[in-house]
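Trainee: Got a sequence here, can you model it:
(one chain, ligands or ions: 1)
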Amino acid sequence: MAVNASFVSPTADAKVAHLMTQLDTNSVLSTIFNSFSVWRLLLTLLVGAVAYDQFMYVYRKGSIEGPSWKAPFIGPFLESVHPDFTKYYAKWASGPLSCVSVFHKFVVIASTRDMARKIFNSPAFVKPCVVDAAHKLLRPNNWVFLDGKAHVDYRKGLNGLFTRQALEQYLPGQEEIYNRYFEQWVNLSQVENKGKHVPWMQEFRFLITAVSCRTFVGHYCSDEAVKKIADDYYLITAALELVNFPIILPFTKSWYGKKAADMVLEEFSKCAAKAKVRMAAGGKKECILDFWVDNMIQSEKYRKRIEAGEKVDDSEKPSMLIRWFSDLEISMTIFTFLFASQDATSSSATWLFQIMADRPEFLEKVRAENLAVRNGDIHAPVSLDTLEKLQWTRAVVKETLRYRPPVIMVPYLVKKDFPVTPEYTIPKGAMVVPTTYMALHDEEAYPNADSFEPERWITGTADQQTKNWLVFGTGPHYCLGQTYAQANLMLMIGKASMMIDWDHKVTDKSEVIKVFATIFPMDDCFLTFKNRTS
Ligand code: HEM
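Mentor: Next up, the predicted model:
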């Protein structure tokens, strides 16, 4: 007998009620049995999936370090929501290669200097993957996800934006921002906070957004737009915390992050359109966008002359011939600069101010040489060459980057089975994450590695440890902004040393490392600022 052949609930239809009483015992049993089979089937599938996930984890793990089993499916996903530096450190210390599995994604961690270098330098086997969320925020067709020749070619076209000659042109804009922000900080500290120490990490992030926007898109971005980007940027960083979460659910961190990213892309697109007009009219080059657009315009002019059959002297050929880029393409690329710079530079800025306040003897040396090179005039401009020759300023920046490397991990995707050692092959499709931290805290390269000793960059051998210097990665994807980033930090701390005094309230969390994409002091750095009186 057909029991309730319709999809209507039997209890919703009174006519069905009397039929129910006519059901014989056999059909009741068969109904129970049938639904039991469905449940059993579902349970069997679930157990099978858990067993498969577990089996694949153990199989892929092979001989390397890692937990002997994983929490079903999610693995240590919840830990990645609240990342803990000590847990990462324990993982790195557990062996040159170790592993975890999150949502069936197998992740290998490469800890030692040589293992990390091997990953960075094996483009035949790996390509950058950042985290799943980054594809959504930066857009999957962003140049940073390009691989092989396509990546090399695209990157070549960007090199002109970071030459020493170009970097020199960005310095006045950066000085302008530092002058303005240091004044604001004093006001904020003395008037609003009444001289009290308050966590300053967020203020460093605002400052770095402003400096970056000024360097990347100059005055094309209004102060209001810069403020909006600065205010919303932490949503983008927070979205990246959800490492490997595969989809964007409404009202989650990833969702808010995506909205903020779309807003930044729109702003930078508008800047690109304005730069095209201004550069075509012969405007002065002041920011990265100007250099890029001018290069496009010069390349286009040159191509047109050649096409017209004009005889053009080789000296008139632009040093880099590039194609025409749309406003959105330019915007996506400039966004990668902001994305790559924002967290890392904010991290270094925070540690630098904290460390200098805690070690006034080094700050005094920085101040003395900055004043000397400017003949006592705290607002006198400096050239890039002069800046880089300030030995204590350079040493404290380098040592901060070594002692507290902002980027502790760089995720890569394994393109094909990667025999990373004679005994172990990382399977295709896995994520492999080299860490920079262990190489930078290697006792052989940097004696007393866990202590802040800037002298090692002046009288020691730190500069010779090029293999250990992984702060900016190595290989085909090494940091495009590394010279700019270091010069910018030197300019920042040099100017601060002359213009302001600041004091750090040391707490029991000041030296504890918090992981928020990059690393920060756990207490967010309690500071107070005032104008320098002498
Ligand atoms: C203290 C500041 C910074 C640190 C510690 C840092 C560190 C890094 C690291 C570790 C990588 C990955 C390298 C690799 O995979 O081998 C990277 C890539 C990159 N960085 Fe930086 N970075 C900093 C600032 C900047 C700035 C200011 C910019 C731009 C103006 C920038 C632009 C980039 C770009 C575009 C890439 C990707 C390059 C590629 O895939 O070819 N970075 N950075």
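Trainee: Model confidence at the nearest residue in space to Gly75 that is not next to it in sequence, what's the number?
Mentor: Take Gly75 and drop its neighbours on the chain: the residue closest to it by CB to CB, 6 or more residues apart in numbering is Val102, 4.3 Å away. To be clear about C-beta, it is placed using only N, CA and C from the backbone, and glycine gets the same treatment. Looking at Val102, its pLDDT is 81.
Trainee: With Ala395 instead?
Mentor: In this model, Ala395 is scored at 98, pLDDT.
Trainee: how much space between it and Glu455?
Mentor: As judged by CB to CB, to the nearest Å, Ala395 and Glu455 stand 7 Å apart.
Trainee: and the two? which has more neighbours close in?
Mentor: Ala395 (23 against 12; other CB atoms under 10 Å).
Trainee: mind checking the SS state of the more buried one?
Mentor: Here Ala395 is recorded as helix under DSSP: H, G, I helix; E, B strand; the rest coil.
Trainee: so who does it touch?
Mentor: Counting by CB atoms under 8 Å, 6 or more residues apart in numbering, Ala395 touches 454-458.
Trainee: Can you give me the neighbour number for Thr386?
Mentor: Per other CB under 10 Å, the neighbour tally for Thr386 reads 11.
Trainee: ditto for the one 4 residues further on
Mentor: Taking other CB under 10 Å as the neighbour definition, Leu390 ends up with a count of 22.
Trainee: so what's the backbone phi/psi at it?
Mentor: Here is the backbone geometry of Leu390 (degrees, to the nearest 10): phi -80, psi 100.
Trainee: if I pick the residue nearest to it when sequence neighbours are not counted, what's in contact with it?
Mentor: The shortest distance from Leu390 to any non-neighbouring residue, by CB to CB, 6+ apart, is to Glu369 (5.0 Å). The neighbours of Glu369, taking CB under 8 Å, 6+ apart as the test, are 390-393.
Trainee: Any of these buried? List them.
Mentor: Neighbour-count burial (16 or more other CB atoms under 10 Å) applied to these gives 390, 392-393.
Trainee: Can you add distance to Tyr437 and give those residues back as a markdown table?
Mentor: A markdown table is the format used below for the buried ones among the contacts of Glu369 (distance: CB to CB, whole Å):
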| residue | distance to Tyr437 |
| --- | --- |
| Leu390 | 27 |
| Trp392 | 25 |
| Thr393 | 24 |
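Trainee: which of those lies closest to Val198?
Mentor: Thr393 (26.8 Å; CB to CB).
Trainee: these two touch, right, the closest one and Gly494?
Mentor: Yes. Using CB atoms under 8 Å, Thr393 is in contact with Gly494, at 5.1 Å.
Trainee: Show me whatever sits in contact with both of the two.
Mentor: Residues touching both Thr393 and Gly494 (CB under 8 Å, 6+ apart): 366, 370, 387.
Trainee: how about the strands in the protein?
Mentor: Here the chain has its strands, by DSSP state E, at 97-102, 105-110, 126-128, 198-199, 412-414, 418-419, 425-426, 431-434, 500-504, 513-516, 518-521, 526-531.
Trainee: and those strands, which is most packed in?
Mentor: Burial of these is given as mean neighbour count (mean count of other CB atoms under 10 Å); strand 431-434 ranks first at a mean of 26.
Trainee: if we look at stretch 281-290, which residues are touching it?
Mentor: 161, 166, 169-170, 172-173, 214-220, 271-272, 275, 278-279, 291, 294, 330, 334, 337.
Trainee: Filter those down to the ones in helices?
Mentor: Among those, DSSP state H puts 166, 169-170, 172-173, 214-217, 271-272, 275, 278-279, 291, 294, 330, 334, 337 in helices.
Trainee: Intersect those residues with the contacts of the ligand.
Mentor: Restricting these to those near the ligand by CB under 6 Å from any ligand atom leaves Phe337.
Trainee: The ones in helices among the contacts of stretch 281-290, buried ones only, as a PyMOL selection?
Mentor: The PyMOL selection below is limited to those of the ones in helices among the contacts of stretch 281-290 classed as buried (16+ other CB under 10 Å):
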select buried, resi 166+169+170+173+214+215+216+217+271+272+275+278+279+291+294+330+334+337
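Trainee: what does this protein have sitting close to the ligand?
Mentor: Residues of the chain lying close to the ligand by CB under 6 Å from any ligand atom are 120, 128, 144, 155, 336-337, 340-341, 344-345, 348, 406-407, 410, 471-475, 477-481, 484-485.
Trainee: Give me the buried entries from the residues you listed.
Mentor: Buried subset of the residues of the chain next to the ligand (neighbour count, 16+ other CB under 10 Å): 120, 128, 144, 336-337, 340-341, 344-345, 348, 406-407, 410, 471-475, 477, 479-481, 484-485.
Trainee: Keep only those of the residues you listed that are in helices.
Mentor: 120, 336-337, 340-341, 344-345, 348, 484-485.
Trainee: got a list of what Arg164 touches?
Mentor: Counting by CB under 8 Å, 6+ apart, Arg164 has contacts 384, 483.
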